[in-house]
Structures are given as structure tokens and as C-alpha cells.
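>>> coordinates only, sequence not included:
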């Protein structure tokens with residue numbers, strides 16, 4: 001297990017090159033260019049604000065800036081997760097020529113696909129900071145958790161991406177299934193709502209390993225409180241184990257990749 005990881009580490013310059021290649025290709029001949037990195041998360045934020053507004057209207061309470069900040073804080077990492085999963089799933093099929101003709105660890109493709117989305121995430125973060133300033137959200141010591149939360153999300157989506165990229169090479173239906181799942185997954189993930197509203201049933205929502213991470217982002221940034229460490233530990237375990245199992249599955253199928261293209 002360690003030898004393939006060492007081999008992968010030795011190709012870190014190639015990972016860097018493919019990551020930047022993916023970024024350039026994504027925005028090549030695009031009129032809006034890097035603005036798409038802001039536009040797509042803002043669509044999710046706008047939808048979330050509309051949902052919050054409807055709930056506020058029915059409850060008779062005005063929509064607060066804190067609620068808007070909560071939606072923005074959750075929507076940005078969720079948008080990163082969805083985009084990363086989509087690009088990682090298609091990373092092998094969109095690089096078929098390189099997969100079959102040149103030798104190097106093929107898991108570089110889904111990993112680079114995820115890392116390229118971090119570029120979009122960093123651009124959209126500027127808008128998030130602006131929203132937080134307008135909402136008068138202060139700075140707290142709990143912001144030190146943010147790098148950990150982002151790392152957990154990255155490892156989680158890399159684990160899923162490696163697994164799905166290999167599966168999609170064998171069964172092209174996988175990419176369509178992923179599209180359907182990520183379309184409806186937002187309703188089962190606390191992006192537009194908080195898990196507390198479900199009371200004793202909140203644990204069902206938190207079984208989704210992305211959910212505790214999103215709630216922790218909100219706890220640390222907007223609520224300025226310690227995240228729920230028990231559920232965060234659960235997500236951390238999934239984020240640690242999933243890349244391992246995904247890597248094993250990928251390596252098991254890699255010898256027959258060329259036969260399935």
C-alpha cells in the first residue's frame with residue numbers, strides 16, 4: 001500500500017501540471033472566464049436565500065443577515081464538493097488517450113480534478129468573505145478549524161472520485177447516476193436548513209458524511225462555536241477510510257483499464 005503512495009508522491013509535479021491544465025481548459029474561450037467560479041456557488045446561495053425567505057415568511061420572522069451568511073457558508077463547500085465529484089467521475093474518460101498510451105499512476109486524474117476545483121473555491125471565497133463582512137460576522141478562535149474541515153472535504157471527495165472514476169470507465173452509466181444523485185442530494189444535506197429543526201431525527205441527516213462538515217463550517221464561522229466533535233470525528237473517519245478503499249479498488253482495476261476503453 002505504501003509503495004503506490006510513494007510512487008504517487010513522486011509524480012507531484014505532474015499532478016500540479018495536470019491540475020493547471022484542467023483549470024486552463026475549463027475557462028478557455030469562455031466569455032465570463034473565472035467569473036463562473038463565483039456565479040455557480042451564487043446560484044446555490046440565491047436558491048438557499050429564497051428557501052429561507054419562504055420559511056421566514058410563513059413563520060412571521062424577518063430574514064436575518066445571519067441566516068443569509070449561514071446559507072453562503074454552507075453553499076460554498078457544497079458547491080466545491082459537487083463540482084469536484086462531477087469532474088473526478090469523468091476524469092478518466094475525458095483523458096482516454098493519456099490513460100492508454102503513457103505510464104504513470106492514473107489516479108492522478110481524479111486527484112487533479114478535485115484540486116482544480118480548489119482554485120474555484122478560493123475565488124468564490126472572496127465573495128463569501130464579503131457576505132460575512134456585510135452580515136457583520138466577527139472573527140473567532142474557531143476559525144482555526146477551517147483548514148481541517150476543508151482537508152476533510154477534499155479527502156472525502158478524492159476518495160469518492162477515485163472510486164467513481166474507475167467505475168465510470170467500466171460502466172458509463174455511472175456518470176449519469178452521479179448527476180442524478182448530486183441533483184437531489186442537496187435536499188438531504190443541510191445546505192438550506194439546519195439539522196436542529198429535525199430534533200431527534202437530526203442524526204439521520206448527519207449520517208451523510210458531508211453534513212457534519214457543513215454544519216461545522218457554520219458552527220466555526222457564523223455561530224462562532226465549537227463544532228459537534230462526535231459527528232465531526234465520524235466524518236473524519238469516513239474521509240480517512242474512503243480514499244484508502246477507493247485507492248485499493250482503483251489499483252485492482254487499473255491493469256485492465258485499456259481493455260475497457
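Here it is on my side, so go on. Worth saying up front: this structure is predicted, and the values here are computed from it rather than measured.
>>> which residues in the stretch 1-150 of the chain form helices?
Assigned by DSSP state H, counting those that start in this stretch, the helices in the stretch 1-150 of the chain fall at 2-10, 12-27, 36-59, 65-89, 96-101, 108-134, 146-170.
>>> tell me which of the ones you listed sits most buried.
helix 65-89 (a mean of 23; mean count of other CB atoms under 10 Å). Backbone N, C-alpha and C define where each C-beta goes, glycine included.
>>> rewinding a little: of all the helices of the stretch 1-150 of the chain, which one is nearest residue 246?
When the helices of the stretch 1-150 of the chain are compared by CB to CB, helix 146-170 sits nearest residue 246, at 3.9 Å.
>>> mind giving me the packing neighbours of that closest one?
On a contact count with 3 or more CB pairs under 8 Å, 6 or more residues apart in numbering; DSSP states H and E, helix 146-170 meets helix 65-89, helix 108-134, helix 173-185, helix 210-218, helix 229-253.
>>> using a markdown table, lay out the ones you listed together with mean pLDDT.
Listed next are those as a markdown table, based on pLDDT from 0 to 100:
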| stretch | mean pLDDT |
| --- | --- |
| helix 65-89 | 92 |
| helix 108-134 | 90 |
| helix 173-185 | 93 |
| helix 210-218 | 96 |
| helix 229-253 | 93 |
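>>> so which of the ones you listed comes closest to residue 192?
helix 65-89 (6.6 Å).
>>> next one: that closest one to chain centre, how far?
Centroid separation for helix 65-89 versus its chain: 7 Å, with CA atoms, centre = their mean, to the nearest Å.
>>> okay if I get the helices and strands packed on helix 146-170 as CSV plus distance to residue 203?
Shown next, in CSV, are the helices and strands packed on helix 146-170 (distance: least, CB to CB, whole Å):
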stretch, distance to residue 203
helix 65-89, 18
helix 108-134, 28
helix 173-185, 18
helix 210-218, 10
helix 229-253, 8
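>>> so which of the ones you listed gets nearest residue 5?
Of all the helices and strands packed on helix 146-170, helix 229-253 comes closest under CB to CB, at 8.0 Å.
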